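Novice: A structural model of the following input is requested.
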Amino acid sequence: MTEQRYGEWVAVRRDGFVAELVLDRPKAMNAVSSEMARCITAACTALSDDPEVRAVVLTSTHERAFCVGADLKERNSLSDAEMMRHRPISRAAYTAVLELSMPAIAAVHGYALGGGYELALACDVIIADPTAVVGLPEVSVGVIPGGGGTQLLPRRVGSARAAELIFSARRVAAQEAHELDLVDRLAPEGEDRTEALELARRIAANSPVGLRAAKRALRLGQGLDLRAGLEVEDAAWRTVAFSADRAEGVAAFNERRPPKFQGLG
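Specialist: Presented below is the predicted three-dimensional model:
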């Protein structure tokens, strides 16, 4: 396993075709400051550009928190003008997670609130353990979710349920979060990262060309009507139909052997 640091509070660990994007600001429960946001953006950009990475797991080193959201101590010290300069930096970080070119899995334990839960929402799958507490409480401090929450949560749970959760600023414990589809899977306590990595390794056994095209079709098709969505799917299919990975996959199937995907390199 290799590790590369992006500033003081973000790391990327590589093990084969799987990468962990690690939030590592324990003294602030991974509250996202301007500098941490820049580091998340840089790490995600490097991951998306890496042809060897087939799956990403977003994790936390803090025992009691995935991420508690924006660094409100920093925000409290900013002038109005500084807040406006900060906004593109913050937004870029959430966009970078959302636009990771390969499948991404959030491994959530403890608090995942506000921007912390929005980081998880930006991933394709959320695996949580029983200690997880999720929510978008921004209206309780006079703002709104600004990392994609007002758009991603309705796509996950429907507009009415998302409205109730956002308007009430309610924190939701793990079991109810699973029942409401706020998270996708409940792992045993302390096993969220383990299960996320197991899923990532299973994903990474597949064609990287196929994985990126499938994710692109899923993402771009959201919110479109069926006819338009099928056009998105067809365009993605055409990008892989004549790839070396497709030829290898079909040959391996017919020869009853594991495929050796050439991938993007």
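Novice: going by C-alpha atoms from here, please, whenever you check contacts or count neighbours.
Specialist: Will do.
Novice: burial count for the closest residue to Cys39 other than its chain neighbours?
Specialist: Computed as C-alpha to C-alpha, 6 or more residues apart in numbering, the closest residue to Cys39 that is not its neighbour in sequence is Tyr6, at 5.4 Å. Number of residues near Tyr6 (other C-alpha atoms under 10 Å) recorded here: 17.
Novice: how about Tyr6, phi and psi?
Specialist: phi -120, psi 90 (degrees, to the nearest 10).
Novice: same check on the one 3 residues further on?
Specialist: When quoted as degrees, to the nearest 10, the phi and psi of Trp9 stand at phi -120, psi 10.
Novice: my guess is it contacts Arg38. True?
Specialist: No. Using C-alpha atoms under 8 Å, Trp9 makes no contact with Arg38, being 10.4 Å away.
Novice: related to what we said a few turns ago, gap between the residue nearest to Cys39 and Arg13?
Specialist: 11 Å (C-alpha to C-alpha, to the nearest Å).
Novice: also Val141?
Specialist: Computed with C-alpha to C-alpha, the distance linking Val141 and Arg13 is 35 Å.
Novice: same check on Ser79?
Specialist: Applying C-alpha to C-alpha to Ser79 and Arg13 gives a distance of 36 Å.
Novice: next: Thr239.
Specialist: When Thr239 is compared with Arg13 (using C-alpha to C-alpha), they lie 30 Å apart.
Novice: more neighbours: these two, which one.
Specialist: Arg13 (17 against 12).
Novice: enumerate the beta-bridge partners assigned to the residue nearest to Cys39.
Specialist: Val10 (DSSP bridges).
Novice: what stretches of the protein score poorly on pLDDT?
Specialist: 265 (pLDDT under 70).
Novice: residue ranges of each domain in it, please.
Specialist: 2-204, 208-255 (automatic domain parsing).
Novice: wait, which of the ones you listed is closest to Phe261?
Specialist: When the domains of the chain are compared by C-alpha to C-alpha, domain 208-255 sits nearest Phe261, at 5.3 Å.
Novice: identify each buried residue in the longest helix along the chain, please.
Specialist: For the chain, the longest helix by residue count, based on DSSP state H, is helix 80-98. Neighbour-count burial for helix 80-98, counted by 16 or more other C-alpha atoms under 10 Å, picks out 86, 89-98.
Novice: any chance of TSV for those, columns distance to Asn30?
Specialist: Below are those laid out as TSV (distance: C-alpha to C-alpha, whole Å):
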residue	distance to Asn30
His86	18
Ile89	17
Ser90	14
Arg91	17
Ala92	17
Ala93	14
Tyr94	14
Thr95	18
Ala96	17
Val97	16
Leu98	18
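Novice: no more questions from me, cheers.
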